[in-house]
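> Sharing a model prediction with you, sequence too.
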Amino acid sequence: MPPAFGLFWDVDGTMAETEGDGHRRAFNAAFAERGLPWRWSMAGYGELLQISGGEERLRHWLATAPPGAPGDQAGQWAMAAELQERKQVHYGRIVAAGALVPRPGVVRLIQAAAAAGWRQWIVTTSSSRAVEALLCTQPFQPLGSAFCGRVCGEDVTRKKPDPQAYGMALRQSGLAPRQVVALEDSPHGLEAARRAGLRCLVTPGRVTGNRRFVGAAAVVDHLGDGPRQPATVLAGPALGSQPHVDLAYLQRLLQGSPSPVSPAPPGP
């Protein structure tokens, strides 16, 4: 029997440009609906992404005392919960309108891994509600059956860069770290994967593209989709004869020597 391999997929920024084009817009819509004078820019939201989790991000923002924020922590946390709930509604509408599409090579690689029998899991700090909203729309919907399971934000008590979510996925999948490649787009995701002992392929998105990714097995601008959308390796092994990340490339990453496991700096 051939050895089992696994792919653990982050969602936001990795499978689609959901951060700036989806979640940020949804937050701003929730602020406007509440009559609050806040609008998160792309650059500002990129900084806020150093806080994992939408509600946690809101708590952090409210604690900086923007105009209209409650002055006490209890009020801030209550407002954060309310805004997060409204943000989820707006995000669902953005997704349903077809505003978010897979990044290059995502559909191809998920389908190729499924056909080869690789075990694929979603491992994200996003809520299961947000993940379900994305996977229920075209062209993501046909991909749902390729995943053996999901670990989402509400399944863990500590979010990325803590490795808890990846540890949970490893236990539930029955795979060992040496069998799995994690796909991430952010320094926090990379750190979580590395602390779980996984090799990590990073595909920075528009919001995270100016970050450093110390210790990644490889960094590519995207996964690539044939000669019309070739992938570019920014760090790590060359792709070889194919202009995109394929299963053979991922196996090469698994065969490489793992880098020392230590927190990667989140700064630009």
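Good, I have the coordinates. All values derive from a computational prediction rather than experimental measurement.
> rest of the way, CA atoms for contacts and neighbours
Noted.
> surely Pro243 meets Pro227?
Yes - contact criterion C-alpha atoms under 8 Å: Pro243 and Pro227 qualify, at 6.2 Å.
> okay, the two: which has more neighbours?
Neighbour totals were compared for Pro243 and Pro227, and Pro243 leads with 19 against 10 (other C-alpha atoms under 10 Å).
> separation between that one and Arg211?
24 Å (C-alpha to C-alpha, to the nearest Å).
> which residues sit against the least confident helix or strand in the chain by mean pLDDT?
None of the helices or strands of the chain scores lower by mean pLDDT, DSSP states H and E than helix 42-48, at a mean of 89. Helix 42-48 is contacted from outside by 20, 24, 57, 207-208, using C-alpha atoms under 8 Å, 6 or more residues apart in numbering.
> So which of the residues you listed are in helices?
If you go by DSSP state H, the contacts of helix 42-48 have 24, 57 in helices.
> Can I get the contacts of helix 42-48 in JSON lines including neighbour count, distance to Pro104 and pLDDT?
Rendered in JSON lines, the data for those read as follows (neighbours: other C-alpha atoms under 10 Å; distance: C-alpha to C-alpha, whole Å; pLDDT from 0 to 100):
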{"residue": "Gly20", "neighbour count": "21", "distance to Pro104": "17", "pLDDT": "89"}
{"residue": "Arg24", "neighbour count": "22", "distance to Pro104": "21", "pLDDT": "95"}
{"residue": "Arg57", "neighbour count": "18", "distance to Pro104": "28", "pLDDT": "93"}
{"residue": "Val207", "neighbour count": "22", "distance to Pro104": "16", "pLDDT": "83"}
{"residue": "Thr208", "neighbour count": "21", "distance to Pro104": "16", "pLDDT": "81"}
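> ok, so of the contacts of helix 42-48, who is nearest Gly144?
The closest of those to Gly144 turns out to be Gly20 (C-alpha to C-alpha; 23.3 Å).
> Apart from its neighbours in sequence, what residue is nearest that closest one?
Distance criterion C-alpha to C-alpha, 6 or more residues apart in numbering; nearest residue to Gly20, sequence neighbours excluded, is Met42 at 6.1 Å.
> tally of neighbours for the one you found?
Around Met42 there are 16 residues (other C-alpha under 10 Å).
> just Pro142 next, same as before
13.
> and it, that's in a strand?
No - counting by DSSP: H, G, I helix; E, B strand; the rest coil, Pro142 falls outside a strand, being helix.
> if we can go back for a sec, Ala176 versus the residue nearest to Gly20, what's the distance?
Counting by C-alpha to C-alpha, the gap from Met42 to Ala176 is 37 Å.
> Distance check, Gly189 against Pro230.
Gly189 is 24 Å from Pro230, by C-alpha to C-alpha.
> These two: which has the busier surroundings?
Gly189 (28 against 18).
> any idea whether the more buried one is helix, strand or coil?
Assignment for Gly189 (three-state DSSP): helix.
> please begin residue numbering at 681 from this point
Sounds good: first residue 681 from here, last item Gly869.
> For the chain, which residues score under the pLDDT cut-off?
Residues of the chain that meet the criterion pLDDT under 70 lie in 681-683, 937-948.
> Next secondary structure element downstream of the top helix by length along it?
The single longest helix within the chain, with elements called by DSSP H, is helix 753-776. Downstream of helix 753-776, the first helix or strand assigned by DSSP states H and E is helix 786-795.
> Could you pull out the helices in the protein for me?
Assigned by DSSP H, the helices in the chain fall at 698, 704-714, 722-728, 734-743, 753-776, 786-795, 808-815, 844-853, 867-875, 927-935.
> Which one of those lies nearest to Ala915?
Using C-alpha to C-alpha, the helices of the chain put helix 927-935 closest to Ala915, at 12.2 Å.
> Distance from the chain centre to the closest one, please.
21 Å (C-alpha atoms, centre = their mean, to the nearest Å).
> For it, name the packing helices and strands.
helix 786-795, strand 860-864 (3 or more C-alpha pairs under 8 Å, 6 or more residues apart in numbering; DSSP states H and E).
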